[in-house]
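Novice: what's the 3D shape of this:
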Amino acid sequence: MKRIFTILCAAALAMSLWANGTKVGGINYIFRVDGTASVTYPGDEVPDLYHPREDYTGKIVIPDKVTYNDKEYTVTEIGRLAFAYCVSLEEVALPNTIEVIGRSAFSGCGIFDYINLPYGIKVIDQHAFYNCNNFTYFIIPESVTTIDTSAFAFCENLESVKLPNSLTSLKYMAFEGCKNLKTVNIPNQLTRIPANAFASCKSLTAITIPNNITSIGRAAFHNSGLTSITFPKNITSIEENVCGVCTDLKHVVLGSGVESIEMFAFAECKKLEDIIVYSNNLISVEDERAFDEVYLADIDVYVSSNISSAYAADPFWNQFMLYYLEADIIADVNNISVFTDANSANIVWYCYENAETYELTVFEKGTLKKVCVLVFDWNGYLLSIDYPAAPSRAPQAGQETGFSFTVTGLDPGRDYTYELLVKDADENVIDSKSGEFSTTAEGGTPTAIGDVEAGVRTTKLIRDGQVLIRCGDKVYTLHGSPLK
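Specialist: Model prediction:
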């Protein structure tokens with residue numbers, strides 16, 4: 001009985017030390033038997049917005065080592081609630097020995113607007129920087145593997161975040177409510193964007209989702225400011241409410257792996273203009289409320305020619321305006337040609353007799369950065385895409401001597417290179433072509449249909465299988481070229 005009593009007392013003492021710690025040099029620590037120390041919260045009551053703290057003010061410097069009872073300890077953690085709601089805290093300098101930013105460690109720090117996160121941190125725990133409203137940017141070091149639930153949620157003035165390539169786990173609501181967040185990257189080791197990750201990020205108008213992402217959780221971008229989104233090829237399901245109430249969303253690209261769209265996925269996206277489908281299978285819509293409060297007849301859906309009949313026969317999908325997706329078939333091709341404006345390049349190439357596929361890659365000149373990789377079959381049907389922006393999508397009737405495709409979403413006044421690989425059925429390269437082109441500066445000669453539409457009511461029409469735009473008394477192709 002005495003032995004049990006001793007063990008219980010030791011456990012109680014450990015809990016007491018965790019709650020209150022020991023103050024050394026004006027900073028509270030927990031000292032562990034393994035020779036490490038954690039900065040900890042000295043109080044008994046959990047602080048919050050209505051119960052702020054004044055025990056830390058001005059600038060605090062955390063040492064890498066601290067001596068207690070003649071023993072030296074390495075400081076490896078900023079522990080739970082360590083500086084939470086210290087409303088007069090102006091700066092904290094962290095040592096390179098820190099590995100963990102603990103739960104709610106800096107939550108609600110009022111005037112605290114910058115922190116240098118040293119290399120060596122592995123975990124940023126739940127609510128670590130929750131509601132730190134003065135931060136405008138975070139650069140997270142290339143050692144962090146985990147960003148936990150709500151770690152940066154409701155940092156309302158946060159504008160930019162650089163996520164590290166070391167990141168393998170991003171948790172629920174990580175950046176929810178960061179209403180001024182404009183730029184964030186998705187690193188190449190991450191495989192899932194979790195539920196509510198960027199919900200209510202109203203200033204986030206664009207995000208590039210790489211092919212390493214295999215799933216995107218419920219409401220991940222709900223009520224955000226996205227105007228376009230491309231779901232990469234490894235996504236199989238568009239989950240519930242993922243873009244619900246994205247009231248500025250206009251363009252959606254569904255990658256080749258998408259099989260289903262769940263309830264409320266695009267609910268109340270009333271500005272939605274077009275959906276490009278790269279799947280060669282009919283995408284099932286689990287519930288018609290996937291597009292709740294959206295007028296489907298106003299939305300153009302572009303699908304591969306070899307699956308268009310299935311979409312036309314489907315009672316849900318035939319409510320949209322359906323078009324098929326391929327490169328334009330053109331006549332009189334004498335050479336590879338490129339026609340540019342400020343934001344696009346129309347690339348024209350031969351039709352080869354023994355070709356099975358055409359692989360077209362566009363690079364930023366002087367770099368290895370790919371703008372897009374497009375693969376067409378022998379008949380010009382688009383088979384696959386690795387491309388952040390929506391391409392032009394109008395088929396043309398004509399004599400089959402060559403193909404033309406317009407790459408859009410380019411930057412004005414920039415130099416690009418391209419490479420075309422022509423392959424046979426055995427993947428052997430029959431021929432290859434390469435070259436350079438430059439987009440015009442802003443204000444150059446407009447050829448995009450957006451320029452054609454400006455200030456004039458427009459309507460779509462189909463003539464000889466070709467989608468055209470009527471603008472006043474003139475008719476244009478979707479590339480913006482006037483018809484005689």
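
Novice: On the three-state scheme, the most centrally placed residue in the chain is what?
Specialist: Geometric centre of the chain, nearest residue: Ile207, 3.5 Å, by Cα atoms, centre = their mean. Classification of Ile207 using DSSP: H, G, I helix; E, B strand; the rest coil returns coil.

Novice: From Ala174, how far out is it?
Specialist: 13 Å (Cβ to Cβ, to the nearest Å). For glycine as for every other residue, the C-beta is placed from the backbone atoms N, C-alpha and C.

Novice: do Ser279 as well
Specialist: 29 Å.

Novice: for Tyr137, same thing?
Specialist: 16 Å.

Novice: Neighbour count for the two, which is higher?
Specialist: Shown here are Tyr137 and Ala174; by other Cβ atoms under 10 Å, Ala174 has more neighbours (26 against 15).

Novice: hang on, the more buried one packs against Phe152?
Specialist: Yes: between Ala174 and Phe152 there is a contact under Cβ atoms under 8 Å: 6.1 Å.

Novice: What are the boundaries of the strands in the stretch 1-150 of the chain?
Specialist: Counting by DSSP state E, counting those that start in this stretch, the stretch 1-150 of the chain has strands at residues 22-24, 27-31, 36-39, 58-61, 65-68, 71-78, 89-93, 100-101, 123-124, 137-139, 146-147.

Novice: Reformat the ones you listed as CSV; add mean pLDDT and distance to Leu170.
Specialist: Formatted as CSV, the strands of the stretch 1-150 of the chain follow (pLDDT from 0 to 100; distance: least, Cβ to Cβ, whole Å):
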stretch, mean pLDDT, distance to Leu170
strand 22-24, 93, 35
strand 27-31, 95, 28
strand 36-39, 97, 24
strand 58-61, 92, 28
strand 65-68, 96, 32
strand 71-78, 97, 20
strand 89-93, 91, 24
strand 100-101, 98, 15
strand 123-124, 98, 10
strand 137-139, 89, 13
strand 146-147, 98, 5
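
Novice: Kindly report the domain assignment for this protein.
Specialist: Using automatic domain parsing, the domains assigned to the chain come out as 18-190, 218-325, 328-438, 446-484.

Novice: How far does the longest one sit from its chain's centre?
Specialist: Read that as domain 18-190. Taking Cα atoms, centre = their mean, to the nearest Å, one finds the center of domain 18-190 at 25 Å from the center of the full chain.

Novice: what does the third one give?
Specialist: If you compare the mean C-alpha spot of domain 328-438 with that of the full chain, they lie 26 Å apart, counting by Cα atoms, centre = their mean.

Novice: got any ranges where the stretch 1-150 of the chain has weak pLDDT?
Specialist: Applying pLDDT under 70 to the stretch 1-150 of the chain flags residues 1-20.

Novice: Ramachandran angles for Ala313?
Specialist: phi -90, psi -10 (degrees, to the nearest 10).

Novice: Tell me how many other residues crowd it.
Specialist: For Ala313, the count of nearby residues is 10 (other Cβ under 10 Å).

Novice: Please report how far it lies from Leu282.
Specialist: In this view, Ala313 and Leu282 are 9 Å apart by Cβ to Cβ.

Novice: One more: Ser304?
Specialist: Distance of Ser304 to Leu282, computed by Cβ to Cβ: 11 Å.

Novice: Neighbour count: these two, which is higher?
Specialist: Ser304 (20 against 17).

Novice: how near is that one to Tyr311?
Specialist: Taking Cβ to Cβ as the measure, Ser304 falls 9 Å from Tyr311.

Novice: Quick check: neighbours shared by the two?
Specialist: Common neighbours of Ser304 and Tyr311 (criterion: Cβ atoms under 8 Å, 6 or more residues apart in numbering): Val277.

Novice: that older thread, residues touching the residue nearest to the centre of the chain, list them.
Specialist: 184, 186, 198, 221, 226, 229.

Novice: and what of Asp274?
Specialist: Counting by Cβ under 8 Å, 6+ apart, the residues that Asp274 touches are 250-252, 299-302, 390.

Novice: Could I get the pLDDT score of it?
Specialist: Turning to Asp274, the model gives it a pLDDT of 90.

Novice: shaky segments in the stretch 201-350 of the chain?
Specialist: Counting by pLDDT under 70, the ranges of the stretch 201-350 of the chain that qualify are 305, 325-334.
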